[in-house]
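**Student:** Sequence and predicted model, in that order:
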Amino acid sequence: TDEMLRGFFDLVIWGHEHECIQEPLMVQDGDRSFDILQPGSSIVTSLSVEEAKPKHCCVLEVWKTQYKVSWHALQSTRPFYIE
């Protein structure tokens, strides 16, 4: 949970989430803060509402304590089949 991360990280990347959330979430705790970035899965891995949303990938550029994220919509994803 984000409570365990306070005061330790400046940027957290949730890498194993289905939904792509393009706006970083800023978590503030007193005089410390950190951002959560959730790029989401680039492939469909389950039958859920989050998986129906458009898929993206991102390029993360970091310079000292600053970062910039460039989002790129995927034109196609690997097919997902279920029997």
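**Tutor:** Okay, I see it. Residues are numbered from 1 along each chain as shown.

**Student:** Tell me where the model's unsure across this protein.
**Tutor:** For the chain, the stretches with pLDDT under 70 are 1-7, 79-83.

**Student:** Give the burial count for residue 55, as a bare number.
**Tutor:** With neighbours defined by other C-beta atoms under 10 Å, the count for residue 55 comes to 20. Quick note: C-beta positions are derived from backbone N, CA and C, even for glycine.

**Student:** Can you tell me the element residue 36 falls in?
**Tutor:** Using DSSP states H and E, residue 36 sits within strand 32-38.

**Student:** Just checking: what are the partner strands of that strand?
**Tutor:** Each strand that strand 32-38 pairs with, and the sense of that pairing, follows from DSSP bridges: strand 11-13 (parallel), strand 21-29 (antiparallel).

**Student:** can you redo those as CSV with distance to residue 56 and mean neighbour count?
**Tutor:** As requested, these are exported to CSV (distance: least, C-beta to C-beta, whole Å; neighbours: other C-beta atoms under 10 Å):
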stretch, distance to residue 56, mean neighbour count
strand 11-13, 14, 15
strand 21-29, 7, 12
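
**Student:** can you redo those as a markdown table with distance to residue 42?
**Tutor:** What follows is the strands paired with strand 32-38, written out as a markdown table (distance: least, C-beta to C-beta, whole Å):
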| stretch | distance to residue 42 |
| --- | --- |
| strand 11-13 | 14 |
| strand 21-29 | 14 |
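
**Student:** Go through those and name the closest to residue 51.
**Tutor:** strand 21-29 (13.8 Å; C-beta to C-beta).

**Student:** Check the offset of that closest one from the chain's centre.
**Tutor:** The chain centroid and the centroid of strand 21-29 are separated by 10 Å under C-alpha atoms, centre = their mean, to the nearest Å.
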